[in-house]
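Enquirer: Sequence and computational prediction follow.
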Amino acid sequence: MSRIVSRFAPSTTGEAHPGTLLSALLVWLDARARDGRALLRLEDLDTTRVKAAWAAQLVDALAELRMDWDETIVQSGRRAAHEAALDQLERDGRLYPCACSRADRQGGRRAPDGGWAYANTCRERPLPAGGWRAVQTNVRVRLPDERIGLVDEGGTDLSQTPAIDMGDPVVRRRDGVIAYQLAVVVDDADAGITDVVRGRDIAPSTATQIMLQRLLGLPTPRYRHHFLLLEDSGDKLAKLHGSIPFNELRARHDPRELCGILAHGAGLLEAPRPCEPRALVADFTWSKVPTGDRLATLDPARGLVIG
Ligand code: GLU
């Protein structure tokens, strides 16, 4: 069997938080437990939201927690590969300009990710003479109207007809930013990724990504989606985002303590006790990891509590 290559691919659009660190730990353990390579890819394409300081903070936090990566890839350095993929899709007659806004989709059909599906309204619009580079609006890719049958490694059925269920994806945004759906597919393939482990909030995009792989002639890795840490945002539970400031987390717990709390939250320790990720490798198995999302809070007396 060829060696497993996995990646942790955080967007550097906010402070490191326990959800990011938990995801990193699961990716890292899953790769190391199978003697695989683990890459870190800093997803920094969204220039309207990223900050170099957040990327640096995350890299530091992972190092302090003693997760080592075989390679670190900075996604903004991959522009040429992303453009080559767009050129290929253009040659195949797949790209079109789209001026529809979010508001145009509202009230239409619900997509599996909870948003509104795009109804492929602009599909027949031609590219201008200068091709995708000359488009002032979003650029989308026309996906085949075919069904993707997929059950991920955790047993979640992610089957979809992405062209209908989600709608044709944006591959280059109107502000010039290469869109996530294209970049992730190109970068995973170029890095030889065999296994994608990530939060289940991204699961509904998997079928779209597989369809893009097929259009570009790229292999499909294995996929696994893990549970999320949630925060109580008043009237509902949402994906953990801003309620646990990183500096407070760092002030409350040293890295070994934090690792133990995360490992306990992930079902890998019976009680939180200080540890390093390496000590968890031998006993790592997905059967211990909960499937349901869990609430994370910063308790005044105990610090980070996952439960
Ligand atoms: N950058 C994405 C995020 O942080 C994850 C990409 C992926 O794992 O496919 O939500």
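Expert: The structure has been received and is ready for your questions. Residues are numbered from 1 along each chain as shown.

Enquirer: What parts of the stretch 101-250 of the chain come near the ligand?
Expert: Proximity of the stretch 101-250 of the chain to the ligand (C-beta under 6 Å from any ligand atom) is limited to residues 184, 198, 202. All C-beta spots, glycine's among them, are computed from the backbone N, C-alpha and C.

Enquirer: top of these by neighbour count?
Expert: Val184 (24 neighbours; other C-beta atoms under 10 Å).

Enquirer: Next, the buried residues of the helix or strand harbouring that residue.
Expert: Here Val184, judged by DSSP states H and E, is contained in helix 180-190. Across helix 180-190, burial judged by 16 or more other C-beta atoms under 10 Å covers 180-189.

Enquirer: cool, and stretch 108-124?
Expert: So for stretch 108-124, counting by 16+ other C-beta under 10 Å, buried means 111-112, 116-118, 120-122.

Enquirer: Then stretch 274-285?
Expert: Applying 16+ other C-beta under 10 Å to stretch 274-285 flags 275, 277, 280-281, 284 as buried.

Enquirer: Which residues outside it are in contact with it?
Expert: 25, 28-30, 32-33, 65-67, 254, 256-257, 259-260, 263, 268-269 (C-beta atoms under 8 Å, 6 or more residues apart in numbering).

Enquirer: cool, stretch 185-192 as well?
Expert: 5, 7, 9, 39, 41, 71, 73, 75, 78, 81-82, 85, 196, 209, 212-213, 216, 218-219, 221.

Enquirer: mean confidence score for it?
Expert: Averaged across stretch 185-192, the pLDDT comes to 98.

Enquirer: circling back: and which of the buried residues of stretch 274-285 is nearest Ala301?
Expert: Ala301 lies nearest to Cys275 out of the buried residues of stretch 274-285, by C-beta to C-beta, at 21.8 Å.

Enquirer: Am I right that that closest one sits in a strand?
Expert: No: with DSSP: H, G, I helix; E, B strand; the rest coil as the criterion, Cys275 is located in coil rather than a strand.

Enquirer: beta partners for the residue in the stretch 101-250 of the chain that the ligand sits nearest to?
Expert: The nearest approach of the stretch 101-250 of the chain to the ligand comes at Arg198, 3.6 Å away (C-beta to the nearest ligand atom). Taking DSSP bridges as the rule, Arg198 bridges to His225.

Enquirer: Correct me if wrong: it contacts Ala9.
Expert: Yes: under the contact definition of C-beta atoms under 8 Å, Arg198 touches Ala9, with a separation of 7.1 Å.

Enquirer: Looking at the residues of the stretch 101-250 of the chain next to the ligand, which is nearest Ala61?
Expert: Arg198 (18.1 Å).

Enquirer: which ones are touching that closest one?
Expert: 9, 23, 27, 224-226.

Enquirer: hang on, the earlier thing: which of the contacts of stretch 274-285 are buried?
Expert: Counted by 16+ other C-beta under 10 Å, those give 25, 28-30, 32-33, 65, 67, 257, 259-260, 263, 268-269 as buried.

Enquirer: For these, give me TSV that also has distance to the ligand, secondary structure and pLDDT.
Expert: As requested, the buried ones among the contacts of stretch 274-285 are exported to TSV (distance: C-beta to the nearest ligand atom, whole Å; DSSP: H, G, I helix; E, B strand; the rest coil; pLDDT from 0 to 100):
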residue	distance to the ligand	secondary structure	pLDDT
Leu25	14	helix	98
Trp28	14	helix	98
Leu29	16	helix	98
Asp30	13	helix	98
Arg32	18	helix	98
Ala33	19	helix	98
Leu65	17	coil	97
Met67	16	coil	98
Glu257	25	helix	98
Cys259	20	helix	98
Gly260	24	helix	98
Ala263	21	helix	98
Leu268	21	coil	98
Leu269	25	coil	98
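
Enquirer: closest to Ile164 among those?
Expert: Asp30 (32.3 Å).

Enquirer: residue ranges for the strands of the stretch 1-150 of the chain, please.
Expert: 5-8, 37-42, 71-74, 95-98, 138-141 (DSSP state E, counting those that start in this stretch).

Enquirer: now swap in the stretch 151-300 of the chain and tell me
Expert: Assigned by DSSP E, counting those that start in this stretch, the stretch 151-300 of the chain shows strands spanning 170-172, 195-199, 222-226, 229-232, 237-239, 294-299.

Enquirer: follow-up on the earlier one: out of the buried residues of stretch 108-124, which two sit at the greatest distance?
Expert: The largest separation in those, counting by C-beta to C-beta, is between Pro112 and Cys122 at 21.6 Å.

Enquirer: Output the lowest mean pLDDT helix or strand found in the protein.
Expert: When the helices and strands of the chain are scored by mean pLDDT, DSSP states H and E, strand 237-239 comes last with a mean of 83.
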